[in-house]
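J.: Pasting the sequence and the predicted model now:
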Amino acid sequence: MLEIKDLHASINGKEILKGINLTVNPGEIHALMGQNGAGKSTLSNVLVGNPAYEVTSGSVTFNGKDLLAMKPEERAHEGLFLSFQQPVEIPGVSMVNFMRAAINAKRKYHGMEPMSAGDFLKMMREKRKVVELDSKLANRSVNEGFSGGEKKRNEIFQMAMLEPKLSILDETDSGLDVDALRIVAEGFNKLRTPETSALVITHYQRLLDYLKPDVVHVLLGGRIVKSGGPELAVEIENKGFDWIKAETSAV
Ligand code: ADP
Ligand code: MG
Ligand code: MG
């Protein structure tokens, strides 16, 4: 589904990603861990096509297509979804209208008619339940005045509505209390299908307890230096990253 080969990327002329190799197959959940500043958010930004980041070499294939050649909105229409570390607020645009525009843009890209108002509202109601999102949030401006937990829940709700093939969750668990974390994680699990995949960036084992990743990767200095099973996340929670750094510099 996603194949990243020797990806190098820079911001303001400074190289951050120094040769990322990563393959995510349909149905798989990959966790990406690493200290602050390792380049995790840079990788998510590059994948969604944030123009601030410059890809200097390497390739990314998504469902057999050249991801890096696509505009950001095309990447979304092809089924890529990013939940940001810091969700943006969009004053003056209600959640309902925002989601409707996003869904209809995707449908148009795939040569489909816009969704009827009735079908759209029905879908909103169904998906809202998955993340226990309050109905009154739907009529408010996107994320404006939402609490941290509401923003994150809202993001999973948006994910539910857009039905992406690959979701990137960039520290979606940061700032969530235990109950909100459970609701977000369980909501995410309910939305999973045998075809949908995720790249989950997190510092904490707790989210991974719910999401049960197939593979855990450690990003260090712009490269994936170690990959393993879920036990690697537990080991990092207990021992930190220094032992991985030591291993890496020894080779
Ligand atoms: P992580 O998400 O792993 O904490 P980031 O990808 O956010 O790391 O950052 C990686 C490195 O890139 C850091 O050294 C950070 O300071 C730098 N960086 C990220 N975004 C910018 C930016 N917009 N301008 C300058 N430097 C940046
Ligand atoms: Mg960070
Ligand atoms: Mg980050």
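T.: Sure, I can see it. Ligands and ions are numbered 1, 2, ... in the order given.
J.: Check whether the residue sitting nearest the centre point of the chain sits in a helix, strand or coil.
T.: Compute the mean C-alpha point of the chain, and by CA atoms, centre = their mean the closest residue is I168, 1.5 Å away. The assignment at I168 comes out as strand when based on DSSP: H, G, I helix; E, B strand; the rest coil.
J.: That one contacts L199, correct?
T.: Yes: with contact defined as CB atoms under 8 Å, I168 reaches L199; the gap is 4.7 Å. (Glycine included, C-beta is placed from N, CA and C.)
J.: Quick check: neighbours shared by those two?
T.: S44, L47 (CB atoms under 8 Å, 6 or more residues apart in numbering).
J.: For the helix or strand hosting K152, enumerate the helices and strands it packs against.
T.: K152 belongs to helix 148-162 when assigned by DSSP states H and E. Counting contacts by 3 or more CB pairs under 8 Å, 6 or more residues apart in numbering; DSSP states H and E, helix 148-162 packs against strand 80-83, helix 95-109, helix 117-130, helix 178-191.
J.: deepest of these, which one?
T.: When those are scored by mean count of other CB atoms under 10 Å, the highest mean neighbour count falls to strand 80-83 (a mean of 23).
J.: got the contact list for that strand?
T.: Under CB under 8 Å, 6+ apart, the answer for strand 80-83 is 44, 47-48, 62, 67, 152, 155-156, 158-159, 162, 164-170, 172.
J.: One more: stretch 243-250?
T.: V218, L220, V225, K226, I236.
J.: Apply 6 Å and report the result again.
T.: Outside stretch 243-250, the residues that touch it by CB atoms under 6 Å, 6 or more residues apart in numbering are V218, V225, K226.
J.: Name the member of those with the most neighbours.
T.: V218 (24 neighbours; other CB atoms under 10 Å).
J.: Let's test this: mean pLDDT of the strand or helix carrying that one, rounded?
T.: Using DSSP H and E, V218 maps to strand 215-220. Mean pLDDT, computed over strand 215-220, is 96.
J.: and after it, which helix or strand comes next?
T.: Using DSSP H and E, the helix or strand that follows strand 215-220 in sequence is strand 223-228.
J.: Only the buried residues of the next helix or strand after that next one, if you could.
T.: Note on strand 223-228: by DSSP H and E, the next helix or strand toward the C-terminus is helix 230-239. Using 16 or more other CB atoms under 10 Å as the test for burial, helix 230-239 gives P230, L232, A233, E235, I236.
J.: Next, count neighbours for the closest residue to P230 other than its chain neighbours.
T.: Distance criterion CB to CB, 6 or more residues apart in numbering; nearest residue to P230, sequence neighbours excluded, is P213 at 5.8 Å. For P213, the neighbour count with other CB under 10 Å is 22.
J.: Would you check that P213 makes contact with M33?
T.: No: contact between P213 and M33 fails when scored by CB atoms under 6 Å: they sit 9.9 Å apart.
J.: Who are the contact partners of the residue of the stretch 151-251 of the chain found nearest ligand 1?
T.: Going by CB to the nearest ligand atom, ligand 1 is nearest to L219 of the stretch 151-251 of the chain, at 6.6 Å. Neighbouring residues of L219 by CB under 6 Å, 6+ apart: L32, G34, A38, G39, K40.
J.: Out of those, which sit inside helices?
T.: Using DSSP state H, the subset of the contacts of L219 located in helices is K40.
J.: Considering the contacts of L219, which possesses the most neighbours?
T.: Among the contacts of L219, the one with the most neighbours (other CB under 10 Å) is L32, at 26 neighbours.
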